[in-house]
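**Q** only geometry, no sequence info:
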């Protein structure tokens, strides 16, 4: 996608033609949306630090970063013992990231069977394939979603006179992947295909991924968008100002329950109440075939109170600062904070799941497996 | 209610026994929740400034402040001409505040019929009566709401082993009134009556009245409470962690549609979906007998983008600072902001309206009028 009118991926390689002194480039996502800075990474240790400090974030991007971390390590040493120790270090840099473990395992499977002299070149190749596969998968999600968007757009009373209004929650954009994103991929596809699209961006408290990352992505790529407080979406739907909802998901059950960022359920309720179609866009591996009841079976992560009590932004002098928005702790009772990070939207509120294989109603999902 | 374990109202008079050199005291609400400061006000001009800068806020409190503004002016001059010019100034200090106009008019009605020598004493008396009436009205709301709370508490599976969990949105607390508040009045009544009550406080973006004012009030009075992002309430209801919802309202239609702070509708949807009782607590004059369809008839105020893009809080050194959370404006397209300030919850989602006269289902509301 575009940054300053130039095409970027979130991670890319530069280096010598020998392929033995490559460096990896990433966007420092901790600085967004306030400053756009790229970082060059030329060692395993730097890549692990980038993953730990969330300079790279988003499951698919973390997987790609870990794959390149293996490559950078191999520039130093291609022995079995070293590779296995590297794999352990990488996997423990973000212990809950499933894609990270998967990508590292895939790299090991590819290179450990090779002669040590062949390993480095094979590693760079495999990491590039992992990245390209992510891009192709997201593009496929984009094309299936684009057909839906065109369909909804065609049904508007006056599709020529106004854009189609799509609401999204959190950030399931290209910054979380290698390129294109999941929920935002259909939106980019529509915009690039000349469909007039406008995005309502939920700010997505407590971490504000909407107001920071989604708004920044859309602003850079040139897609018209409007940030709203998380409270506003229901009101907009009541007044016909939302034509469809597309969100990402961290997990989808085999029955179509959607586990996504906290607050998604409230938007799904409002969409259902106002007959607005509600879609989740995910790679098919996000579907958990063993789960049938998301509300009962999915354990919701409780995250730090600090995310609710504090906010980061720019002071008027451009400096980045963190403020506390809660009462001080020396009052008669202390203000407590709860921070459930995800919620589950029951399948009965979900119009469809957009995957790289096509669009499925919750009932149809099982057909993917069979 | 209590601040630092002492009983306060939001506005009070101190002065000499002659009643001719009184001063009015208020809490500077612009400093909350970070600093508790009171201000002494001894002139009309100071009171108008306090109203304009929102050092006093909340419809009932603004009315009381305006009444005392008339008294302070009369300490200078009790002539008809001056009083009428004072009334104009006060009414225009917050043009949309209905209570302000009502309170000033009531003061004029009381004093203009009197001999100028009697006016000052009568004015102080009438302003005190306006305050006391507000307190009594809110106490009555509290008692009717307390009966509801006791009823819901008694129906819990194990009422002895856990508190009743009440969710509220925005600030309809005592800081918005002279004392007790509206939505929080039943909660204070329950707490003071020994009912174990715990409050889920929606932070209430964009202006954060929940995280700042409601949390501060409850912390000062000693009521256990937990601040959550506005996104979290639906998830908590899905998991049985909310026993009832009580919110305030800016307007209620004769049919029971509730116009309140943006986001209220989303919580009402979640309450309905999870069979959690949903109440609005309001003084009966808040009911607009001429309106029958809140969604169609109530115009929703669109407020400044600055409220969404910026947040105020404490830096780690204790200083108050304002930060911008959105992308800078020099990207390919500019990030827009929408800020509808209120929404309408349809009566079909409302369990009841708590007033000073009793609790009514939406269908029963008209019986108040007849």
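**A** Looks like it arrived, so ask away. All values derive from a computational prediction rather than experimental measurement.
**Q** Residue A:212 touches residue B:328, doesn't it?
**A** No: with contact defined as CB atoms under 8 Å, residue A:212 does not count as touching residue B:328 (11.4 Å). The C-beta positions use only the backbone N, C-alpha and C, and glycine is treated the same way.
**Q** and residue A:140, what does it touch?
**A** For residue A:140, the contact set (CB atoms under 8 Å, 6 or more residues apart in numbering or on different chains) comprises A:356-357.
**Q** What distance do you get for it to residue A:281?
**A** 11 Å (CB to CB, to the nearest Å).
**Q** Now for the two: what residues contact both?
**A** Residues touching both residue A:140 and residue A:281 by CB under 8 Å, 6+ apart: none at all.
**Q** what do residue A:212 and residue B:328 both touch?
**A** Any residue near both residue A:212 and residue B:328 by CB under 8 Å, 6+ apart counts here, and that gives residue A:33.
**Q** Settle it for me: which of the two has more neighbours?
**A** Remark: of residue A:212 and residue B:328, residue A:212 carries more neighbours, 25 against 16, as counted by other CB atoms under 10 Å in any protein chain shown.
**Q** sec struct for the more buried one, please.
**A** With DSSP: H, G, I helix; E, B strand; the rest coil as the basis, residue A:212 sits in helix.
**Q** That one - nearest residue in space that isn't next to it in sequence?
**A** Setting aside the residues directly before and after it, residue A:212 is nearest to residue A:33 in space (CB to CB, 6 or more residues apart in numbering or on different chains), at 4.5 Å.
**Q** all helices for the stretch 201-350 of chain A, in order.
**A** For the stretch 201-350 of chain A, helices defined by DSSP state H, counting those that start in this stretch occupy the ranges A:209, A:215-221, A:233-238, A:264-273, A:294-297, A:306-309.
**Q** possible to save these as TSV with distance to chain B?
**A** Putting the helices of the stretch 201-350 of chain A into TSV (distance: least, CB to the nearest CB, whole Å) gives the following:
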stretch	distance to chain B
helix A:209	11
helix A:215-221	4
helix A:233-238	4
helix A:264-273	4
helix A:294-297	6
helix A:306-309	6
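**Q** would JSON lines of the ones you listed with mean pLDDT and mean neighbour count be doable?
**A** Below are those laid out as JSON lines (pLDDT from 0 to 100; neighbours: other CB atoms under 10 Å in any protein chain shown):
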{"stretch": "helix A:209", "mean pLDDT": "96", "mean neighbour count": "25"}
{"stretch": "helix A:215-221", "mean pLDDT": "98", "mean neighbour count": "26"}
{"stretch": "helix A:233-238", "mean pLDDT": "98", "mean neighbour count": "25"}
{"stretch": "helix A:264-273", "mean pLDDT": "98", "mean neighbour count": "26"}
{"stretch": "helix A:294-297", "mean pLDDT": "96", "mean neighbour count": "16"}
{"stretch": "helix A:306-309", "mean pLDDT": "97", "mean neighbour count": "18"}
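**Q** circling back: verify the contact between the residue nearest to residue A:212 and residue A:214 for me.
**A** No: with contact defined as CB under 8 Å, residue A:33 and residue A:214 do not form a contacting pair (9.3 Å).
**Q** is it true that residue A:329 touches residue A:335?
**A** Yes: with contact taken as CB under 8 Å, residue A:329 and residue A:335 are classed as touching, separated by 7.2 Å.
**Q** Which one of those two is surrounded by more residues?
**A** Between residue A:329 and residue A:335, residue A:335 has the larger neighbour count (other CB under 10 Å), namely 23 against 11.
**Q** Could you look up the SS state of residue A:136?
**A** The local conformation at residue A:136, judged by three-state DSSP, is helix.
**Q** Mind checking what secondary structure the residue in the stretch 1-150 of chain A that chain B sits nearest to has?
**A** Taking CB to the nearest CB as the measure, the stretch 1-150 of chain A has residue A:33 as its residue closest to chain B, at 3.7 Å. The local conformation at residue A:33, judged by three-state DSSP, is coil.
**Q** could you list every residue that touches it?
**A** Shown in contact with residue A:33 (CB under 8 Å, 6+ apart): A:211-213, A:215-216, A:219, B:326-328.
**Q** Distance check, the residue lying farthest from the centre of chain A against residue B:358.
**A** Distance from the C-alpha centroid of chain A, by CA atoms, centre = their mean, peaks at residue A:332 (41.4 Å). For residue A:332, the distance to residue B:358 (CB to CB) stands at 32 Å.
**Q** One more: residue A:14?
**A** Here the distance between residue A:14 and residue B:358 works out to 74 Å (CB to CB).
**Q** Could you do residue A:25 as well?
**A** Taking CB to CB as the measure, residue A:25 and residue B:358 are separated by 68 Å.
**Q** ok, now residue A:134?
**A** Distance, residue A:134 to residue B:358, by CB to CB: 61 Å.
**Q** for residue A:40, same thing?
**A** Taken as CB to CB, the spacing of residue A:40 relative to residue B:358 amounts to 70 Å.
**Q** Between these two, which is the more surrounded one?
**A** Set side by side, residue A:40 and residue B:358 show unequal neighbour counts under other CB under 10 Å, the larger going to residue B:358 at 17 against 11.
**Q** Give me the phi and psi angles of that one.
**A** For residue B:358, the backbone dihedrals (degrees, to the nearest 10) come out as phi 140, psi -170.
**Q** which residues does it form a beta bridge with?
**A** When assigned by DSSP bridges, residue B:358 has beta-bridge partners residue B:355.
**Q** isn't it right next to residue B:145, touching?
**A** No: with contact taken as CB under 8 Å, residue B:358 and residue B:145 are classed as non-touching, separated by 10.5 Å.
**Q** Contacts only, for residue A:68.
**A** Applying CB under 8 Å, 6+ apart, we find residue A:68 in contact with A:11, A:13, A:24, A:41, A:47, A:127.
**Q** List the ones among those residues that fall in helices.
**A** For the contacts of residue A:68, the ones inside helices are A:47, A:127, with DSSP state H as the criterion.
**Q** Out of the contacts of residue A:68, the closest to residue B:117 would be?
**A** In terms of CB to CB, no member of the contacts of residue A:68 lies closer to residue B:117 than residue A:11, at 83.3 Å.
**Q** still on that earlier bit, where's the residue of the stretch 1-150 of chain A closest to chain B relative to residue B:29, distance?
**A** Using CB to CB, which is the criterion applied here, residue A:33 is 31 Å from residue B:29.
**Q** cool, residue A:230 as well?
**A** The value you get for residue A:230 to residue B:29, if CB to CB is used, is 25 Å.
**Q** Residue A:48 now?
**A** As for residue A:48, its distance to residue B:29 is 48 Å (criterion: CB to CB).
**Q** Now for residue A:130, how many residues are close by?
**A** Residues within reach of residue A:130, counting by other CB under 10 Å, total 23.
**Q** what number of residues lie near the residue lying closest to it once chain neighbours are set aside?
**A** If the residues on either side of it in the chain are set aside, residue A:130 comes closest to residue A:67, at 4.9 Å by CB to CB, 6+ apart. The criterion is other CB under 10 Å. On that basis, residue A:67 has 29 neighbouring residues.
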